[in-house]
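In: what follows is a predicted structure for the sequence shown.
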Amino acid sequence: MQVTPSNVHIEAVKGGITQQADVQAIVNAANAELTTGGGVAGAIHHAAGTELYKECQQFAPIRPGEAVITSGYKLPNEYVIHCLGPVYERRKNYEELLEKCYINALQLAEEKNIKSIAFPAISTGVFGYPMEAAAEVAVKTILKQIPQLKHVEKIKFVLFTQADLEIYQNKLEELQ
């Protein structure tokens, strides 16, 4: 599934975030300490190598909604943008915090002149955000940010399962 509003190409694909060699930056659904964890964070740290962990330590801890950028090391991507998503329903403003993840990641991409970026489904794993609700926040936020983008030309949502991919594809069709 692909859409192209305002010359920014958006797509949703099934796959692993660490295998997205066609993008300059990938986004890590990070934990506050920016350490190896399960899911996306574990896969990214494992693929990038120990240098990523070492660079992350200068930025930790981060708060929900915040994003920081590091090198990609052994990944096929130049950069990793680490975002701490909210734990679903732990705070009253969890939707706003999830929006901030996408906004802050895109802002960092713009600051580094990054042309392409891939996002996982932030906060949907152990943080418990329902996939449908997370997809709506992600797609709405990205579409709202597109008019401000000067460098980013490609945004990719990378989903682990076919069911998750279909949810994102439906949201892209519905909201574009």
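Out: Received the coordinates, thanks.

In: which residue ranges of the chain form strands?
Out: Taking DSSP state E, the strands of the chain run over residues 2-3, 9-14, 25-29, 67-71, 79-83, 116-119, 154-159.

In: make a markdown table out of those strands and add mean neighbour count and mean pLDDT.
Out: Quick note: C-beta positions are derived from backbone N, CA and C, even for glycine. Shown next, in a markdown table, are those (neighbours: other C-beta atoms under 10 Å; pLDDT from 0 to 100):
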| stretch | mean neighbour count | mean pLDDT |
| --- | --- | --- |
| strand 2-3 | 14 | 54 |
| strand 9-14 | 18 | 97 |
| strand 25-29 | 28 | 98 |
| strand 67-71 | 20 | 98 |
| strand 79-83 | 25 | 98 |
| strand 116-119 | 24 | 98 |
| strand 154-159 | 23 | 98 |
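
In: between the ones you listed, which one is closest to E173.
Out: Comparing the strands of the chain by their distance to E173 (C-beta to C-beta), the top pick is strand 2-3, with 8.0 Å.

In: ok, back up a step: any chance of the strands of the chain in JSON lines, with distance to E99 too?
Out: Formatted as JSON lines, the strands of the chain follow (distance: least, C-beta to C-beta, whole Å):
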{"stretch": "strand 2-3", "distance to E99": "19"}
{"stretch": "strand 9-14", "distance to E99": "17"}
{"stretch": "strand 25-29", "distance to E99": "14"}
{"stretch": "strand 67-71", "distance to E99": "12"}
{"stretch": "strand 79-83", "distance to E99": "11"}
{"stretch": "strand 116-119", "distance to E99": "13"}
{"stretch": "strand 154-159", "distance to E99": "15"}
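
In: of all these, which one comes closest to A48?
Out: Among the strands of the chain, strand 79-83 sits nearest to A48 (C-beta to C-beta), with 6.7 Å.

In: chain center to that closest one, what's the gap?
Out: Chain-centre distance of strand 79-83: 8 Å, with C-alpha atoms, centre = their mean, to the nearest Å.

In: contacts for that strand next, please.
Out: Applying C-beta atoms under 8 Å, 6 or more residues apart in numbering, the external contacts of strand 79-83 come out as 24-30, 34, 44, 48, 52, 56, 59, 62, 65-72, 101-102, 104-105, 108-109, 112, 114, 117, 122.

In: that's all I had, so thanks and see you.
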